[in-house]
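S.K.: Pasted the sequence and its predicted model underneath.
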Amino acid sequence: MYAYQADLYCDDCGETIRADRAPVVAFSDRGDSDSYPQWASDDSESDCPQYCAGCGLFLENPLTDAGIGYVIEAVQEFISSRNPDNAYAAVSGDATVIKQWVDFYDIPVEEVFDLVTLSDVVGAIARG
Ligand SMILES: [Zn+2]
């Protein structure tokens with residue numbers, strides 16, 4: 001992935017921006033991510049899941065402990081907002097995103113939620 005102007009980009013988008021910027025900054029690239037996309041390690045941990053600022057691709061970055069907490073909280077909010085006993089709860093979070101996080105980060109949904117089983121999550125996701 002690439003870092004450019006305070007955002008992260010997938011390899012495809014980063015390379016496209018590099019190609020566009022190359023004629024302008026060809027000889028002035030000094031490792032400054034404000035003027036030219038800089039390669040960034042896919043292994044750097046973040047406090048939340050990262051997405052490409054260009055195309056929205058999930059960058060599958062590893063998470064810090066705070067990042068794991070963030071994801072678990074988002075999954076909890078998603079589930080409680082889908083609770084059929086709570087008819088007025090606002091739906092929180094995008095089902096596709098929540099499923100992506102649960103799958104990719106291998107969130108132990110059954111251990112994290114005492115009263116909510118994995119099938120509840122799957123059911124909530126299936127209802128969209
Ligand atoms: Zn992209």
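M.R.: Yep, that arrived. Residues are numbered from 1 along each chain as shown.
S.K.: tell me the helices in this protein, going along the chain?
M.R.: Remark: helices assigned in the chain by DSSP state H are 11-25, 65-81, 95-104, 109-112, 118-126.
S.K.: list the helices and strands the longest one packs on?
M.R.: Contacting helix 65-81 under the criterion 3 or more C-beta pairs under 8 Å, 6 or more residues apart in numbering; DSSP states H and E are the following elements: helix 95-104, helix 109-112, helix 118-126. To be clear about C-beta, it is placed using only N, CA and C from the backbone, and glycine gets the same treatment.
S.K.: thinking Ser46 is in contact with Gly67, fair?
M.R.: Yes. Counting by C-beta atoms under 8 Å, Ser46 touches Gly67, with 5.8 Å between them.
S.K.: Find the least confident helix or strand in the chain, judged by mean pLDDT.
M.R.: Within the chain, no helix or strand scores below helix 118-126, which has a mean of 60 by mean pLDDT, DSSP states H and E.
S.K.: quick one: low-confidence ranges for the protein?
M.R.: Applying pLDDT under 70 to the chain picks out residues 25-30, 82-93, 110-128.
S.K.: residues from this structure in reach of the ion?
M.R.: Taking C-beta under 5 Å from the ion as the contact definition, the chain meets the ion at 10, 13, 52, 54-55, 57.
S.K.: Which of the residues you listed are buried? Put it as a PyMOL command.
M.R.: Typed into PyMOL, the next command selects the buried ones out of the residues of the chain next to the ion (criterion: 16 or more other C-beta atoms under 10 Å):
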select buried, resi 10+13+52+54+57
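S.K.: out of the residues of the chain next to the ion, which one sits closest to Ala95?
M.R.: Nearest to Ala95 among the residues of the chain next to the ion, counting by C-beta to C-beta, is Leu57 at 18.1 Å.
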